[in-house]
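Chemist: My questions concern the predicted model and sequence given below.
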Amino acid sequence: MTAAEIRQQFLDFFQSKQHAVMPSAPIVVKNDPTLLFINSGMAPFKDYFLGNKPAPHKRIADTQKCLRVSGKHNDLEEVGVDTYHHTMFEMLGNWSFGDYFKKEAIEWSWELLTEVYKLDKDRLYVTVFEGDEKEGLDFDQESYDEWKKYIAEDRILRGNKKDNFWEMGDTGPCGPCSEIHADCRSAEERAHVAGATLINADHPQVIEIWNNVFMQFSRMKDGSLQPLPDRHVDTGMGFERLVRVLQGKQSNYDTDVFTSTITAIETITNKKYDYSDSKQAIAFRVLSDHIRAISFTIADGQLPSNTGAGYVIRRILRRAVRYYYSYLDYKQPLLHQLLPVIAMQFDTVFPELKKQEDFVARVIKEEEEAFLRTLEKGLKKMDEIIKQTSTVINGKEVFELYDTYGFPIDLTRLIGSENGLEVDEAAFEAKMLQQKTRSRAATAIDTEDWIEVHEVAKNIFVGYDDLNVATKVARYRKVKAKGKEQFQIVLETTPFYAESGGQVGDVGELMMGSEKLNITDTKKENDLIIHFADSLLEDMSLPVTAKVNWEKRIETTYNHTATHLMHAALRQVLGTHVAQKGSLVNADILRFDFSHFSKMTDEEIRKVEEIVNEKIRKNIPVVIKELPKEEAVKLGAMALFGEKYGDTVRVVTIDPNYSIELCGGTHVGHTGMIGVFTITAESAVAAGVRRIEALTGAAAMRYFVDKVSQHKQIAELLKAKDPFKTVEKLIEDKNALEKKLEALENKELAVMAKELVTKTTSINGTNFLGLSISISSTDALRKLAAQLKPLLNNALVVLTSVVEEKAQVLVMVDEALVTSKNLDASKLIKEQIAPLIKGGGGGQKTMATAGGQDTSQLDKVIETIKTLL
RNA sequence: GGGGAAUUAGCUCAUUUGGUAGAGCGCUUGCAUGGCAUGCAAGAGGUGACCGGUUCGAUUCCGGUAUUCUCCA
């Protein structure tokens, strides 16, 4: 049975049990400050469990792309070392939202495993929650009784709170769970040691394959448990593990989920995968695992970057590079070459990768090249350190290599040992810990419990039509971050648009009688609209009026509609490979990132501006409709990868032949309202991604007026019709004049030098020249000395001058005198001259300069030097 | 969001307690060589990212801004 068949059978099975089969949500998470990536099958359904919104179906089944790189059992550094941990994995799940519960869940899971997949019943064990006195929780008799119908009682094990009580987070839905484990050991081993003793004991062949969670409580901030009104089922079965069990393999990497990738790596590197624990074999596993995580996150819209979720991708990618660089002896970009293999493999389940194959490959290649460059730089730094070190590379240097130059510690270790050097690991760890605690302290957020004011069924957004509504506060809470206190407020109905789809959140005020409260920002947490304020109203329970700042909103709206017009224009001008990769729309500007591989030419930019402005002048009506997703896609709406859509979507159409996009943002009624549009900047943000910044309406007009008046002023200043030509000529002339001036100065100085030479006197066989001269700058003084030098030998020269009311002294000593008379110009200047003129100075032995406040002592300076001879 | 670092000629990079900014490649010109990454000589090319401060004097020290790299969250 192939992996693809196993997946399909799961979905078909639950479809036959009246489940709606849903596609995987994007692996990249938006609108949730607590999560960077989907890390479990239930994550996309959080809102349904929290009661923020109703589930579209009571029963759902799916396979969900998940990513885990941290946590107790998911250290990135462990992936590939063993045979069953992954960064990205698929989680098969079936879900009940207030529908069926323990009985059906248990019955169906048994039916699927034993009758569809035909797993040997002797190899299966299940666990149920034993209860917990401290929490006041009873033994899960209900599940136990259900299991008893299918499986011998000695195969039903009791688990404690750690293993068999699942919680979503510190607070929120939770409940007992029941796991199914499979014993994949050989017959002899099984006869020797009973499987039951190995459950949850980290045995690589006795593994949990499925967890059924029965949500029936909600954890409060004070730690107490409240029963949930609706009970839910949340199950998760690790797909890669399941395939391994069903295909009878010892390792996940030996299943057809990974073998095609491993074969491709063998071909590219000309090395063999030998299933061992060698570094080389680990490298194969690391690469075949990481390429999946990297490819799917990029396809779902997260580019590698140096912060947040993008940084996680970068780290995974770099770990893969490190492995092929060090252990497969491959020094060029490799990962991007694997893309065709996995894009093909997942073509039917996750088509988003195949559709963006070229783009994803280019991003990965670019990123690999960048890191290989970083490695080069680190190697150079490493060389320096090796030269200066005799036995142990100190922690500070190891940390600096790692922290500042991004040079991986394992490479430092490897190269160090090749040069007979050790690494001070303890000091490195200490530095690392310091950095971690500093970062944590800076981001610590203290969130208090919600204070319920009015119970409301649903949080309603009315801001598409109304900017001013009477409503009441549903709940609020205090949030403390970086010593700053803020309040989050949820309203029953709100006109405030929450930051989403690039459009910033609304600002405005809440009013209660004459009392006003400023709303500084509006954000979404999952689907909950949260208003931010610095304080609270005196009485939060009274009715309030919520009022959006109208001016800011309308200007933001101009910019948002203009973004759609521009997106369509870009596709016309540059081609249909242009896809949105991110955007920022606020009252002042619009910024739009899109996939495109070269810098836009001036003509292309002008063409886009022309098209957008033409569409504005046509005053096209903007038509907004709520439609089922499938219908919208049929209309030709641009389906944006990485956007998670519900069943009905909001379709924004500006001329059905021009622009149709799925969008939740706010838009103008007719394009004419935008007024005018202009692009102010075009730049690169990442490999294959360009960024445009633009202005509309009044801001664009101000921009034009400024430019025109600047141009006018320049023309007036130059008294020229064509200022460009004039400026070009001015620059040319200026350069020529500067050169001429410099030549003239040098000539003048040469003449001066010749004249001065005649004033040289001989003292005790040494030529001495001490003069007070008039000169324009210290630079000229130095140049003069340079001119004098070839004209004199065996000479000591002292020149003094007053430049900008400051005393300046230059002392020049012939090389011969430096040794024969032990003269040192720098010493002279510092010890004898500088104090005289109340200043400082220095230089080299043969030439030094000094400057000071006191100009009255310049004659004495010359005398002082003279007496030295 | 919090640290660390970098920014010097068209490109790649030097320049130690602050004292007239250098190299290689590339470019221009001349000469040599039948051609191949040819040789010799001369030359052009720098507001040392930007803005302030300390200093007689800052590429160098200090602060700020921008951009890039990097680590952590």
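Modeler: On my side now, so go ahead. Residues are numbered from 1 along each chain as shown, chains lettered A, B, ... in the order given.
Chemist: how about the residue lying closest to residue A:764 once chain neighbours are set aside, what does it touch?
Modeler: Distances taken as Cβ to Cβ, 6 or more residues apart in numbering put residue A:869 closest to residue A:764, at 5.5 Å, once the chain neighbours are dropped. C-beta here means a position set from N, CA and C on the backbone, and glycine is covered the same way. By Cβ atoms under 8 Å, 6 or more residues apart in numbering, the contact set of residue A:869 is A:763-764, A:766, A:768, A:796, A:821.
Chemist: Over to residue A:680?
Modeler: Contacts for residue A:680 (Cβ under 8 Å, 6+ apart) come out as A:589, A:693-695, A:703.
Chemist: Selection in ChimeraX covering whichever of those are buried, please.
Modeler: To isolate the buried members of these in ChimeraX, using 16 or more other Cβ atoms under 10 Å:
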select /A:589,694,695
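Chemist: So which of the contacts of residue A:680 belong to strands?
Modeler: A:693-695 (DSSP state E).
Chemist: so which one among these has the lowest pLDDT?
Modeler: Within the ones in strands among the contacts of residue A:680, the minimum per-residue pLDDT falls on residue A:693 (79).
Chemist: Now do it against residue A:589, distance only.
Modeler: 6 Å (Cβ to Cβ, to the nearest Å).
Chemist: Next: residue A:531.
Modeler: Counting by Cβ to Cβ, the gap from residue A:531 to residue A:589 is 24 Å.
Chemist: Against which helices or strands is whichever strand or helix holds residue A:414 packed?
Modeler: In the assignment (DSSP states H and E), residue A:414 maps to helix A:409-418. Judged by 3 or more Cβ pairs under 8 Å, 6 or more residues apart in numbering; DSSP states H and E, helix A:409-418 is in contact with helix A:308-327, helix A:357-388, helix A:395-403, strand A:422-423.
Chemist: Could you export these as TSV, including mean pLDDT?
Modeler: Formatted as TSV, the helices and strands packed on helix A:409-418 follow (pLDDT from 0 to 100):
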stretch	mean pLDDT
helix A:308-327	88
helix A:357-388	82
helix A:395-403	87
strand A:422-423	88
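Chemist: Please identify which of these is closest to residue A:76.
Modeler: Evaluated over these, closeness to residue A:76 peaks at helix A:308-327, with 6.4 Å, by Cβ to Cβ.
Chemist: buried ones in that closest one?
Modeler: Going by 16+ other Cβ under 10 Å, helix A:308-327 has these buried residues: A:309-310, A:312-314, A:316-327.
Chemist: Over to stretch A:549-561?
Modeler: Using 16+ other Cβ under 10 Å as the test for burial, stretch A:549-561 gives A:549, A:552-561.
Chemist: Quick check: nearest residue in space to the closest residue to RNA strand B within the stretch 401-550 of chain A, chain neighbours excluded?
Modeler: Closest to RNA strand B within the stretch 401-550 of chain A is residue A:406: 2.4 Å, counting by Cβ to the nearest atom of the strand. Among residues not flanking residue A:406 along the chain, residue A:374 sits closest, at 4.9 Å (Cβ to Cβ, 6+ apart).
Chemist: Please name the residues that touch that neighbour.
Modeler: A:405-407 are the contacts of residue A:374 under Cβ under 8 Å, 6+ apart.
Chemist: Just the buried subset of those residues, please.
Modeler: Counted by 16+ other Cβ under 10 Å, the contacts of residue A:374 give residue A:407 as buried.
Chemist: with the contacts of residue A:374 in mind, which one is nearest to residue A:170?
Modeler: Within these, proximity to residue A:170 (Cβ to Cβ) peaks at residue A:406, which comes in at 33.8 Å.
Chemist: Surely residue A:64 touches residue A:37?
Modeler: No: under the criterion of Cβ atoms under 8 Å, residue A:64 is not in contact with residue A:37, lying 11.2 Å apart.
Chemist: Where does the stretch 651-800 of chain A get nearest to RNA strand B, residue-wise?
Modeler: Taking Cβ to the nearest atom of the strand, the stretch 651-800 of chain A has residue A:786 as its residue nearest RNA strand B, at 3.7 Å.
Chemist: Give me the secondary structure label for that residue.
Modeler: With DSSP: H, G, I helix; E, B strand; the rest coil as the basis, residue A:786 sits in helix.
Chemist: Tell me how far it lies from residue A:780.
Modeler: Using Cβ to Cβ, residue A:786 is found at 10 Å from residue A:780.
Chemist: neighbour count winner among the two?
Modeler: More neighbours surround residue A:780 than the other of residue A:786 and residue A:780, with 18 against 14 (other Cβ atoms under 10 Å).
Chemist: The more buried one: helix or strand, and which one exactly?
Modeler: helix A:778-788.
Chemist: Give the other helices and strands that that helix contacts.
Modeler: helix A:723-757, strand A:795-803, strand A:806-813, strand A:847-852.
Chemist: Quick one: the ones you listed as a markdown table, columns for mean pLDDT and mean neighbour count too.
Modeler: Converted to a markdown table, the helices and strands packed on helix A:778-788 look like this (pLDDT from 0 to 100; neighbours: other Cβ atoms under 10 Å):
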| stretch | mean pLDDT | mean neighbour count |
| --- | --- | --- |
| helix A:723-757 | 73 | 13 |
| strand A:795-803 | 85 | 22 |
| strand A:806-813 | 84 | 24 |
| strand A:847-852 | 84 | 21 |
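Chemist: would you turn these into JSON lines with distance to RNA strand B?
Modeler: Formatted as JSON lines, the helices and strands packed on helix A:778-788 follow (distance: least, Cβ to the nearest atom of the strand, whole Å):
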{"stretch": "helix A:723-757", "distance to RNA strand B": "7"}
{"stretch": "strand A:795-803", "distance to RNA strand B": "8"}
{"stretch": "strand A:806-813", "distance to RNA strand B": "5"}
{"stretch": "strand A:847-852", "distance to RNA strand B": "3"}
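Chemist: Minimum distance to RNA strand B, which residue of the stretch 51-200 of chain A gives it?
Modeler: Closest point on the stretch 51-200 of chain A to RNA strand B, by Cβ to the nearest atom of the strand, is residue A:70, at 7.2 Å.
Chemist: any idea how far the residue nearest to that residue when sequence neighbours are not counted lies from residue A:328?
Modeler: Residue nearest to residue A:70 in three dimensions, not counting chain neighbours: residue A:76, with 7.1 Å by Cβ to Cβ, 6+ apart. Using Cβ to Cβ, one obtains 19 Å as the distance from residue A:76 to residue A:328.
Chemist: Between these two, point out the one with more neighbours.
Modeler: The neighbour comparison of residue A:76 against residue A:328 (other Cβ under 10 Å) goes to residue A:328, with 21 against 18.
Chemist: My read is that that one contacts residue A:282, right?
Modeler: No: between residue A:328 and residue A:282 there is no contact under Cβ under 8 Å: 10.3 Å.
Chemist: rewinding a little: which one among the contacts of residue A:374 gets closest to residue A:836?
Modeler: For the contacts of residue A:374, the minimum distance to residue A:836 (Cβ to Cβ) is 49.0 Å, reached by residue A:405.
Chemist: In three-state terms, label the closest one for me.
Modeler: Applying three-state DSSP: residue A:405 is coil.
Chemist: Contact partners for it?
Modeler: With Cβ under 8 Å, 6+ apart, residue A:405 has these contacts: A:374, A:377-378, A:381.
Chemist: RNA strand B next: which of those are close?
Modeler: A:374, A:377 (Cβ under 7 Å from any atom of the strand).
Chemist: Could you export the contacts of residue A:405 to CSV, including columns for distance to residue A:294?
Modeler: Formatted as CSV, the contacts of residue A:405 follow (distance: Cβ to Cβ, whole Å):
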residue, distance to residue A:294
A:374, 17
A:377, 23
A:378, 21
A:381, 27
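Chemist: And the pLDDT at the nearest residue to residue A:247 once chain neighbours are set aside?
Modeler: Among residues not flanking residue A:247 along the chain, residue A:255 sits closest, at 5.2 Å (Cβ to Cβ, 6+ apart). Note on residue A:255: pLDDT of 96.
Chemist: which phi and psi does residue A:255 have?
Modeler: Note on residue A:255: backbone dihedrals following degrees, to the nearest 10 are phi -90, psi 170.
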